[in-house]
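# attaching a predicted model along with its sequence, questions to come.
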Amino acid sequence: MRIEHLTLFEVSLPLVHSFETSSHRKSGLQHILVRATDGDGRSGWGEIASPSDPYFTSETTGTAWLIANRYLGPAVLGSDWDEPAELETAWARIRGHEFAKAGFSAAAWDLHARSQERSLAAALGGTRSEVVAGVSLGIEPSIDQLLAQVERQVSAGYPRIKLKIAPGWDVEPVRAVRSQHPDLDLHVDANGAYPDTEDAAAVFRQLDEYALTMIEQPFTPRDFPAHARLQRRLETPICLDESVVALADLRTMIETKAGRVLNIKVSRMGGLSAAKRAHDLAMEAGIPVWCGGMHEFGVGRAANVAISSLPNFTLPSDVSGSDKYYERDVIVPPVIAERGRVPVPQGPGIGYDVDTDWVLKNTVRTAELVA
């Protein structure tokens, strides 16, 4: 198989509800869609879901656009390959830029699955017909507004709620939510906002009392020893996210016992092949995983649903319905969650059609690359 033509679309969509983490607040997103076309006219789609600003990762939409056009596109075009993992060796020399690579990886997997008339989930080795979805809620202006958001999502049938926390917004919101929902699958995500201090440890010891499913990424990404020390002091499992970019990071997490749960983000790990390898290694080590999200448009969300069908994704994943984030998504039909469950598409590739007219209407810029 050869990719003969690539089209990049930088697309901007508003969020239906603004979202705040420990670093910033956003009301819309700009992601890059990758369309890869082979010599027979088949196309596969991927999404570069990098943030616009360098807060979650050093990558941004701007850096991804540069890397995609100058390095990844030329490396991919005209390469002969049978499996997506073979194509990914074309960019082995390019260090970092996992989000940009993930968009090309997903496009290759989608194209590969379509060429075999298989679903992306089946091509990846998925075993589920539906995926349990959770919802991630940002920092709200008040506790009452947060409780209203929680109630809305619980009423919609989502069985798991993740709360973003930050210093000064942690114990009180958790206490309030747990008071109203004593049996809710609830966990918190700090995005590495806390310092490795006794004051921070005291906060997490208080959170340890609220029967949380996990505490996600309390400290900075590279500080495995701090996470290991905190894990020894808590009953609640620590989940690592930003810390695990490569398989070597996952091995460090396992060897240092820095956490007991792994958030696999396809974008953070550089694509579907890398995410699948992380899933397999975590399963061997007895570490449950779930799929985190980056507020992906439908293309990236569909890839997340497919990878979440693998057997060790035993915790609810961030694959909630498109309507949770966008009034109108870029795929037809949109991703739909029924009582917190999303069906795994059985059609070829990602199982959805891309609404190219809507994509073009919301495109900021495009690029065409030809072998």
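Sure thing, it's come through. Numbering: from 1, shown residues only.
# contacts only, for residue 290.
134, 261-264, 308, 313-318 (Cβ atoms under 8 Å, 6 or more residues apart in numbering). The way it works is simple: take the backbone N, C-alpha and C, and place the C-beta from them, glycine included.
# those in strands, which ones?
Residues of the contacts of residue 290 located in strands (DSSP state E): 134, 261-264.
# got a markdown table for those residues, with neighbour count, distance to residue 100 and pLDDT too?
Listed next are the ones in strands among the contacts of residue 290 as a markdown table, based on neighbours: other Cβ atoms under 10 Å; distance: Cβ to Cβ, whole Å; pLDDT from 0 to 100:
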| residue | neighbour count | distance to residue 100 | pLDDT |
| --- | --- | --- | --- |
| 134 | 26 | 27 | 95 |
| 261 | 22 | 27 | 98 |
| 262 | 27 | 22 | 98 |
| 263 | 25 | 20 | 98 |
| 264 | 26 | 18 | 98 |
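# what's the closest of those residues to residue 292?
residue 263 (4.2 Å; Cβ to Cβ).
# hey, what's that closest one bridged with?
residue 290 (DSSP bridges).
# next SSE after the host helix or strand of residue 109?
Taking DSSP states H and E as the criterion, residue 109 maps to helix 98-115. Downstream of helix 98-115, the first helix or strand assigned by DSSP H and E is helix 120-124.
# tell me the mean pLDDT over the very next helix or strand once past that following helix?
Going down the chain from helix 120-124, the next helix or strand is strand 130-132, by DSSP H and E. Averaged across strand 130-132, the pLDDT comes to 97.
# in TSV: the contacts of residue 290, plus distance to residue 188.
Below are those laid out as TSV (distance: Cβ to Cβ, whole Å):
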residue	distance to residue 188
134	13
261	13
262	16
263	13
264	19
308	21
313	20
314	19
315	14
316	15
317	17
318	14
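# can I get the CA coordinates of the helix holding residue 109 in CSV?
Backbone C-alpha positions of helix 98-115 (Å, rounded to 0.1, in the frame of the first residue of the first chain) are rendered in CSV as follows:
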residue,chain,number,x,y,z
GLU,A,98,3.7,12.5,19.4
PHE,A,99,0.4,14.4,18.8
ALA,A,100,1.4,15.1,15.2
LYS,A,101,2.5,11.5,14.7
ALA,A,102,-0.8,10.2,16.1
GLY,A,103,-2.8,11.9,13.4
PHE,A,104,-0.8,10.2,10.7
SER,A,105,-0.9,6.9,12.6
ALA,A,106,-4.7,7.0,12.8
ALA,A,107,-5.1,7.9,9.1
ALA,A,108,-2.9,4.9,8.2
TRP,A,109,-4.9,2.6,10.4
ASP,A,110,-8.2,3.8,9.0
LEU,A,111,-6.9,3.4,5.5
HIS,A,112,-5.5,0.0,6.2
ALA,A,113,-8.8,-1.2,7.8
ARG,A,114,-10.9,0.2,4.9
SER,A,115,-8.7,-1.6,2.4
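# can you give the domain ranges for this protein?
Domains of the chain are assigned by automatic domain parsing as 3-116+355-370, 122-343.
# how about residue 365: what's its closest non-neighbour residue?
Of all residues not flanking residue 365 in the chain, residue 10 sits nearest, at 5.0 Å (Cβ to Cβ, 6 or more residues apart in numbering).
# and the one you found, what does it touch?
30-32, 61, 65, 363-366.
# repeat for residue 156
Going by Cβ under 8 Å, 6+ apart, residue 156 touches 337, 340.
# ok, residue 45 next?
33-36, 106-107, 110, 299, 349-350, 354.
# assumed it was part of a strand.
Yes: assessed with DSSP: H, G, I helix; E, B strand; the rest coil, residue 45 lies in a strand.
# could you measure from it over to residue 33?
6 Å (Cβ to Cβ, to the nearest Å).
# hey, what's in contact with both of the two?
Here residue 45 and residue 33 share the contacting residues 299, 354, scored by Cβ under 8 Å, 6+ apart.
# how close does residue 52 get to residue 269?
20 Å.
# comparing the two, which residue is more hemmed in?
residue 269 (26 against 15; other Cβ atoms under 10 Å).
# pLDDT of the one helix or strand residue 304 maps to, averaged?
Taking DSSP H and E as the definition, one finds residue 304 inside helix 298-307. Helix 298-307 shows a mean pLDDT of 98.
# can you list the strands that the helix or strand that comes right after that helix pairs with?
Downstream of helix 298-307, the first helix or strand assigned by DSSP H and E is strand 331-332. Take DSSP bridges as the rule and strand 331-332 pairs in its sheet with strand 353-354 (antiparallel).
# and the average pLDDT for the partner strand is what?
Strand 353-354 comes out at a mean pLDDT of 98.
# now do the helices in the stretch 151-300 of the chain.
Assigned by DSSP state H, counting those that start in this stretch, the stretch 151-300 of the chain shows helices spanning 171-180, 198-207, 224-233, 247-256, 272-284, 298-307.
# quick one: residue 185 and residue 371, what's the gap?
Going from residue 185 to residue 371 by Cβ to Cβ gives 48 Å.
# the two - which one has more neighbours?
With neighbours defined as other Cβ under 10 Å, residue 185 and residue 371 compare such that residue 185 has more, 19 against 14.
# now do the same contact list for the more buried one.
Residue 185 sits next to 134, 159-161, 213, 316 when contact means Cβ under 8 Å, 6+ apart.
# out of those residues, what pair is the most spread apart?
Counting by Cβ to Cβ, the most remote pair of those is 159 and 213, 10.6 Å apart.
# between the two, point out the one with more neighbours.
Taking other Cβ under 10 Å, residue 159 and residue 213 do not tie; residue 213 has more neighbours (21 against 16).
# ok, and the closest non-adjacent residue to that one?
residue 187 (4.3 Å).
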